[in-house]
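**Q** Okay, sequence plus prediction incoming.
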Amino acid sequence: MDFCTKSDTDYSSHPTGHMALLKKINQILLLLLVLTVCAILYNKVHQVPSALKNETVDLESPEEMEEEIPVVICAAAGRMGAAVAAISSIYSNTEANVLFYIVGLKTTIPHIRKWIENSKLKEIKFKVVEFNPMVLKGKIRQDASRPELLQPLNFVRFYLPLLIQKHEKVIYLDDDIIVQGDIQELYDTKLAPGHAAAFSDDCDLPSTHEMVRSVGMQNTYMGFLDYRKQAIRDLGISPSTCSFNPGVIVANMTEWKHQRITKQLEKWMQRNVEENLYSSTLGGGVATSPMLIVFHGKYSTINPMWHVRHLGWSPDTRYSEHFLQEAKLLHWNGRYKPWDYPSVHTDLWESWFIPDPSGKFKLTRPDS
């Protein structure tokens, strides 16, 4: 039995059969081509955009996306109410997306956290950051004339990139301030290329000149650096150069790190320990002097109305009420703080103060 049966039609031996086979093959190929084209067109029409694959699409326009404004404020023991008033004033005068970085020592952090969480400030966005004072070991010269200026948190501004890491631009504020304007305006301060920070010049506001003269304040480098020392003279900075106040800073973190600003500041702190190049008996700020050296000629300027200062320099000398109402930020730098007595313009500060729920912090007033 032959299991290999032969087909009824032998196409290999008949020309007409060969042509019929080719015609069928062409029809099949044409059909496959049509199906392929249809499949391609179908996929193009119904293709899922790559932006939607395993991703959440943000439907907000760029204008609707709020930039986060990081604001750094220290909360020190004995003056924690200052930080609270400052935060309260900022939060109440802006619609911006502010993130507060509240810096404290390990012993003070629980207090400030409870104060915020148990007051009307519980709605703010904030992070509490612990500052390790050991980074200052061997870098601070003991000075008995104003020991409060040697507190570790006074030097937090030197270490901004170590504490605040995810932001390109940062605002640092001393705690003895209140803000009367929209903090967005301060954040929008333009920094020139190559500048790591912006400050307010001590000679920039004519309205404050009379205050400076009347209480004998210094507003030049001569008031902060000891020009009798060779290391200071070697800097080549004229002693009559206008100083600036680092109680309000708008900082560029990329430039700060690129220029190794923190390392430069630490170098001058260590040199001061060894050579006594500056002291609080001069300009009244051991944190200001190294910044004057490192940033000389390399900083941008802040609108002077965003840093109206010297309110704490005298318990008797006052600014005009009209001028203070126009100011965007008030700073009680000096010995006479608005939570203590005596002090001036305390009503402006106290309107933003929120009492301590624990009762530990109390204002000092004449009738208290």
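**A** Right, received. Where do you want to start? Source: prediction; values computed, not measured.
**Q** Quick check: chain neighbours aside, which residue is closest to residue 276?
**A** Spatial nearest neighbour of residue 276, chain neighbours left out: residue 141 (6.6 Å); criterion: CB to CB, 6 or more residues apart in numbering. Every C-beta, even on glycine, is put in place using the N, C-alpha and C of the backbone.
**Q** Could you do residue 366 as well?
**A** residue 341 (5.8 Å).
**Q** Go ahead and confirm that neighbour touches residue 365.
**A** Yes. Here residue 341 lies in contact with residue 365, judged by CB atoms under 8 Å, at a distance of 5.8 Å.
**Q** Compare neighbour counts for these two and give me the winner.
**A** Taking neighbours as other CB atoms under 10 Å, residue 341 and residue 365 compare with residue 341 leading, 15 against 12.
**Q** Got the confidence number for that one?
**A** Looking at residue 341, its pLDDT is 96.
**Q** Numbering from 2 from now on, please.
**A** Got it, the first residue is 2 from now on, which makes the last one we talked about residue 342.
**Q** Check which helix or strand it maps to.
**A** Element membership for residue 342 (DSSP states H and E) is empty, with no helix or strand holding it.
**Q** quick one: contacts for residue 240?
**A** 221-223, 226, 228 (CB atoms under 8 Å, 6 or more residues apart in numbering).
**Q** coming back round to it: how deep is the residue nearest to residue 277 tucked in, by neighbour count?
**A** 18.
**Q** What helix or strand is residue 173 located in?
**A** strand 170-174.
**Q** Revised request: answer the last question for residue 101.
**A** Going by DSSP H and E, residue 101 is in strand 98-105.
**Q** avg pLDDT for that strand?
**A** Mean predicted confidence for strand 98-105 is 98.
**Q** again, but for stretch 137-156
**A** 80.
**Q** Please apply the same query to stretch 271-285.
**A** Per-residue pLDDT over stretch 271-285 has a mean of 78.
**Q** Run the chain-centre distance for the following helix or strand past the strand holding residue 101.
**A** Counting by DSSP H and E, the next helix or strand C-terminal to strand 98-105 is helix 110-118. Chain-centre distance of helix 110-118: 21 Å, with CA atoms, centre = their mean, to the nearest Å.
**Q** Could you list every helix and strand in contact with helix 110-118?
**A** Helices and strands touching helix 110-118, by 3 or more CB pairs under 8 Å, 6 or more residues apart in numbering; DSSP states H and E, are helix 81-93, strand 98-105, strand 126-131.
**Q** How about it, which residues are buried there?
**A** By 16 or more other CB atoms under 10 Å, the buried positions in helix 110-118 come out as 110, 112-113, 116-117.
**Q** how about the residues you listed in JSON lines, adding pLDDT?
**A** Listed next are these as JSON lines, based on pLDDT from 0 to 100:
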{"residue": "110", "pLDDT": "97"}
{"residue": "112", "pLDDT": "98"}
{"residue": "113", "pLDDT": "98"}
{"residue": "116", "pLDDT": "98"}
{"residue": "117", "pLDDT": "98"}
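**Q** hang on, the earlier thing: from residue 287, how far off is the residue nearest to residue 277?
**A** Distance of residue 142 to residue 287, computed by CB to CB, to the nearest Å: 8 Å.
**Q** Equivalent analysis for residue 358, please.
**A** Relative to residue 287, residue 358 is positioned 34 Å away (CB to CB).
**Q** Would you mind telling me which of those two has more residues around it?
**A** residue 287 (22 against 13).
**Q** just the helices in the stretch 252-369 of the chain please.
**A** 254-259, 262-276, 289-295, 322-327, 347-351 (DSSP state H, counting those that start in this stretch).
**Q** so where's the stretch 2-151 of the chain shaky on pLDDT?
**A** 2-23, 38-66, 144-150 (pLDDT under 70).
**Q** Contact partners for the closest residue to residue 269 other than its chain neighbours?
**A** Leaving aside its chain neighbours, residue 269 sits nearest to residue 291 (4.0 Å; criterion: CB to CB, 6+ apart). Each residue near residue 291 by CB under 8 Å, 6+ apart is listed here: 159, 266, 269-270, 273, 279.
**Q** let's see 7 Å
**A** Residues in contact with residue 291 (CB atoms under 7 Å, 6 or more residues apart in numbering) are 266, 269-270.
**Q** And residue 156, by the same measure?
**A** Contacts for residue 156 (CB under 7 Å, 6+ apart) come out as 137, 288.
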